[in-house]
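K.L.:
what follows is a predicted protein model with its sequence.
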There are 2 protein chains.
Amino acid sequence: MVTIKEIAEMAGVSRTTVSRVLNNSGYVSEDARKRVEKVIEETGYVPSEQAKSLRTKKTKVIGVILPTIQTETPSRIVTGVGKELSKNGYQILLANTNLDKQKEVDYLDLLRLRQVDGIILIATNTEPKLMEKIKEIKVPVVIVGQEAEDMMYVTYDDYHAAFDLTSLFIERGHQNIAFIGVDETDRAVGHLRKKGFLDAMESNGLMVEPEWMQTGVFDIDSGHDAMKSILEKSTKKPTATIAVTDRLAIGAMSYLKEKGVRIPEQMALAGFGASEIAKYLEPPLTTVDYQNEKAGEQAAKQLLAKIESKNYQKQIILDYRLIIRKSV
Amino acid sequence: MVTIKEIAEMAGVSRTTVSRVLNNSGYVSEDARKRVEKVIEETGYVPSEQAKSLRTKKTKVIGVILPTIQTETPSRIVTGVGKELSKNGYQILLANTNLDKQKEVDYLDLLRLRQVDGIILIATNTEPKLMEKIKEIKVPVVIVGQEAEDMMYVTYDDYHAAFDLTSLFIERGHQNIAFIGVDETDRAVGHLRKKGFLDAMESNGLMVEPEWMQTGVFDIDSGHDAMKSILEKSTKKPTATIAVTDRLAIGAMSYLKEKGVRIPEQMALAGFGASEIAKYLEPPLTTVDYQNEKAGEQAAKQLLAKIESKNYQKQIILDYRLIIRKSV
DNA sequence: TATTTTTAGGGAATCGATTCCATATTGTAG
DNA sequence: CTACAATATGGAATCGATTCCCTAAAAATA
């Protein structure tokens, strides 16, 4: 591996001059510049990022913390982040928590030690422990998917998306609507989507039976089980169900099919997340598209702007789009 | 950020001694060690990875090159890689090619410049340009998902998996079997799975009409289109179809449903990859499970062994498992 | 007791860049 | 013809660790 020192010797100049050519800074004569450039060309020299970052305190690496890489939402976000970063010569250091909340906190520390220039946190919660750590580490952090006071974030309008989706069901004549949610420590998915649903129901003067409100985790089976609970436990049967993720909806759908319940005639169904498969289900699933890739791009863009001390938007709430298919 | 120099001053020793305590090397008196440890404890000092790697030429970072993060196979592999690496204090630098072959080559260079200790390449091909670059960069590289002479790799027994799956259809009485493949530059998925299929057919004395062999790309729609071609173009109609990925199978399934073709009565169907959704399709899809996460773990394990000059297995071919469901 | 070996610890070089500061040369305004 | 600014370049310090080499004291051996 050739170093700046050797380039300097070969070009008959000092390391300083080579550095000036590299960084386009200071005064360098046309003659010297040519010689240095020629040697660089010939040797294929590329400066060591290690050495550079030791001196400059910049690594051109962004840490990305995510709960799992195996579901579509985070994958798409990372794709967006990656595209934007690579355009700007940055790279991603990946930290996968495998859904372990404690690790979200731990990785913040670890990434700081790795001297990343910034962190993108695809968050599952906004608990105080996590928020405090973010403030403590003094590395710019952008949260994706959750709102949090004082923080930089890019998120979705979960409340209104849920409100609109519920309104759609109501417009189509449904009065008894069930809801499959997740734990409310996930403010975005757990709390806001539920609130949007409940407010839409209330503002239309509709009641929600407690048995219609079920809670699952982020997998298909738990959607299946939730649907089962809804149908078995409720006395008044709902005619529609909203699940807060497509996977929960898919699980619900599989239970309905097992029981021979026709969709949407006997039970309308919708999810969130515009998963690829939704379109190919039978019937195709109504869902909400959040443009996760764009969220990732935005997060990266704002983070880089902040890092490079340019103007940036601290908080972004992205739009959503209902994709209405045959399941309603 | 506190440095080794400050720790040395606070503990009343030289940087050398602090370094010795840190690395458990050389002679340090019990007394001095205690003092240094106390100061480290109090300050929460952690040595800079930058500085360390500048000197030692080790970064404890592994580059992972993948074609996309949005499909299950690479995601699972990365999950496995991540688990194994983090156990050993290594981290992942992610390079997403977004299916651009040229970038596979480019990223090898880029990761080398970042001084990664090793690279895991989730490969889509084994073209000479790529293989040459791997040899050129002199960083240990493990290929996942493809076989390649002289290289380190972890892959699957694609040939026999396809052979067995085809045999299963034949055992169940199918004689006319269609095949939805992909481009053969992807040796594993394109070539070997096709060869396994053809050899199984041949060894049972079965003919394959050219119209039964369709080629798609790695998405659902192209499975749909391939199925369409098969049914529209063939004169003798197949009674079963094998698709080389579950997504292609899902596409094929959606076409069949559109046309009211019953599965498996009129057309049996199977895919590869054990995608999560396969189980919830209607009918549940028969598929081949490759244990991708394990492949990722193995790749990481062997790579680290190589890096740390321990014994390692250069080439690993992992087992597979047929998951037989109602679609056959 | 003399000599060798082990233990302990520091000084300084090193890794590969950037950058401050000093110096030399050339150009330009007064 | 000065004086001063602009241009051009290099020496050396710096970033934060590791590590080679050297010295000194303590312990073991002759």
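P.N.:
Yes, it's here.
K.L.:
show me where the stretch 151-300 of chain A has helices.
P.N.:
Taking DSSP state H, counting those that start in this stretch as the criterion, the stretch 151-300 of chain A carries its helices at A:158-171, A:193-203, A:220-233, A:246-258, A:292-307.
K.L.:
spit out the contact partners of the residue in the stretch 151-300 of chain A that DNA strand C sits nearest to.
P.N.:
Nearest residue of the stretch 151-300 of chain A to DNA strand C, counting by Cβ to the nearest atom of the strand: residue A:300, 23.6 Å away. For the C-beta atoms, the positions are set from N, CA and C on the backbone; glycine is no exception. Residues in contact with residue A:300 (Cβ atoms under 8 Å, 6 or more residues apart in numbering or on different chains) are A:62, A:80-81, A:84-85, A:90, A:120.
K.L.:
try 10 Å
P.N.:
A:62, A:64, A:77, A:80-88, A:90, A:92, A:118, A:120, A:142, A:144, A:154 (Cβ atoms under 10 Å, 6 or more residues apart in numbering or on different chains).
K.L.:
again, but for residue A:136
P.N.:
Here residue A:136 is in contact with A:108-109, A:112 (Cβ under 10 Å, 6+ apart).
K.L.:
around DNA strand D, pick out the residues from chain A.
P.N.:
Chain A comes close to DNA strand D at residues A:12-17, A:20, A:26-32, A:51, A:54-55, as judged by Cβ under 7 Å from any atom of the strand.
K.L.:
which of the contacts of residue A:300 fall within helices?
P.N.:
Mapping the contacts of residue A:300 onto helices (DSSP state H) picks out A:77, A:80-87.
K.L.:
same list, these, but as CSV with pLDDT please.
P.N.:
Formatted as CSV, those follow (pLDDT from 0 to 100):
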residue, pLDDT
A:77, 98
A:80, 98
A:81, 98
A:82, 98
A:83, 97
A:84, 98
A:85, 97
A:86, 95
A:87, 95
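K.L.:
show me which of the contacts of residue A:136 is closest to residue B:172.
P.N.:
Checking those against residue B:172 by Cβ to Cβ gives residue A:108 as the nearest, at 53.9 Å.
K.L.:
and that closest one, how far is that from DNA strand D?
P.N.:
Distance of residue A:108 to DNA strand D, given as Cβ to the nearest atom of the strand, to the nearest Å: 19 Å.
K.L.:
ok but that residue is inside a strand, no?
P.N.:
No. Counting by DSSP: H, G, I helix; E, B strand; the rest coil, residue A:108 is located in no strand; its state is helix.
K.L.:
can you give me the pLDDT of it?
P.N.:
pLDDT recorded at residue A:108 is 96.
K.L.:
need the winner for burial among the helices of the stretch 151-300 of chain A.
P.N.:
The highest mean neighbour count among the helices of the stretch 151-300 of chain A, using mean count of other Cβ atoms under 10 Å in any protein chain shown, belongs to helix A:246-258: a mean of 24.
K.L.:
so which elements touch the strand or helix carrying residue A:34?
P.N.:
Under the criterion of DSSP states H and E, residue A:34 resides in helix A:30-43. Packing partners of helix A:30-43 (3 or more Cβ pairs under 10 Å, 6 or more residues apart in numbering or on different chains; DSSP states H and E): helix A:4-11, helix A:15-23.
K.L.:
does DNA strand C have contacts with the helix or strand just after it?
P.N.:
Using DSSP H and E, the helix or strand that follows helix A:30-43 in sequence is helix A:49-56. Yes. For helix A:49-56, a contact with DNA strand C is found by Cβ under 7 Å from any atom of the strand, at A:50-52, A:54-56.
K.L.:
and the buried ones among those residues, selectable in ChimeraX?
P.N.:
The ChimeraX selection below is limited to those of the residues of helix A:49-56 next to DNA strand C classed as buried (16 or more other Cβ atoms under 10 Å in any protein chain shown):
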select /A:50,51,52,54
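K.L.:
from the residues of helix A:49-56 next to DNA strand C, which two are the most distant?
P.N.:
A:50 and A:56 (11.2 Å).
K.L.:
what about residue A:319, distance to residue B:92?
P.N.:
For residue A:319, the distance to residue B:92 (Cβ to Cβ, to the nearest Å) stands at 32 Å.
K.L.:
who has more neighbours out of those two?
P.N.:
residue B:92 (23 against 12; other Cβ atoms under 10 Å in any protein chain shown).
K.L.:
who's residue A:121 bridged to?
P.N.:
Listed beta-bridge partners, residue A:121: residue A:65, residue A:143 (assigned using DSSP bridges).
K.L.:
mind checking how far it is from residue B:207?
P.N.:
For residue A:121 relative to residue B:207 (Cβ to Cβ), the value is 57 Å.
K.L.:
can you check residue A:143 too?
P.N.:
59 Å.
K.L.:
between the two, who's got more neighbours?
P.N.:
Using other Cβ under 10 Å, the more surrounded residue of residue A:143 and residue B:207 is residue A:143, with 24 against 10.
K.L.:
just the C-alpha atoms of stretch A:193-204, please, in CSV.
P.N.:
What follows is stretch A:193-204 as a C-alpha-only set of coordinates in CSV (Å, rounded to 0.1, in the frame of the first residue of the first chain):
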residue,chain,number,x,y,z
ARG,A,193,-52.1,4.3,14.9
LYS,A,194,-54.4,3.2,17.6
LYS,A,195,-55.3,6.7,18.5
GLY,A,196,-56.1,7.6,14.9
PHE,A,197,-58.4,4.6,14.8
LEU,A,198,-60.2,5.4,18.0
ASP,A,199,-60.6,9.1,17.2
ALA,A,200,-62.0,8.3,13.8
MET,A,201,-64.5,5.9,15.4
GLU,A,202,-65.4,8.4,18.0
SER,A,203,-65.8,11.3,15.7
ASN,A,204,-68.3,9.2,13.8
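K.L.:
name the residues that touch that stretch?
P.N.:
By Cβ under 10 Å, 6+ apart, stretch A:193-204 touches A:156-171, A:175-179, A:181-182, A:184, A:186-187, A:206-208, A:212-213, A:215, A:242-245, A:272, A:288.
K.L.:
and what of stretch A:37-44?
P.N.:
Residues outside stretch A:37-44 that contact it (Cβ under 10 Å, 6+ apart) are A:2, A:4, A:6-13, A:18, A:21-22, A:45-47, B:109.
K.L.:
the helices and strands packed on helix A:30-43 into CSV, with extra columns for mean pLDDT, distance to residue A:232 and mean neighbour count?
P.N.:
Shown next, in CSV, are these (pLDDT from 0 to 100; distance: least, Cβ to Cβ, whole Å; neighbours: other Cβ atoms under 10 Å in any protein chain shown):
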stretch, mean pLDDT, distance to residue A:232, mean neighbour count
helix A:4-11, 95, 72, 17
helix A:15-23, 95, 69, 18
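K.L.:
any chance of CSV for those helices, columns distance to residue B:249?
P.N.:
Shown next, in CSV, are the helices and strands packed on helix A:30-43 (distance: least, Cβ to Cβ, whole Å):
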stretch, distance to residue B:249
helix A:4-11, 55
helix A:15-23, 52
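K.L.:
CSV please, covering those and showing distance to chain B.
P.N.:
CSV is the format used below for the helices and strands packed on helix A:30-43 (distance: least, Cβ to the nearest Cβ, whole Å):
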stretch, distance to chain B
helix A:4-11, 13
helix A:15-23, 14
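K.L.:
between these, which one is closest to residue A:268.
P.N.:
Once Cβ to Cβ is applied to the helices and strands packed on helix A:30-43, the stretch that comes out nearest is helix A:15-23, at 61.4 Å.
K.L.:
now residue A:249, nearest residue through space, not along the chain?
P.N.:
Leaving out its chain neighbours, the residue that sits closest to residue A:249 by Cβ to Cβ, 6 or more residues apart in numbering or on different chains is residue A:271, at 3.2 Å.
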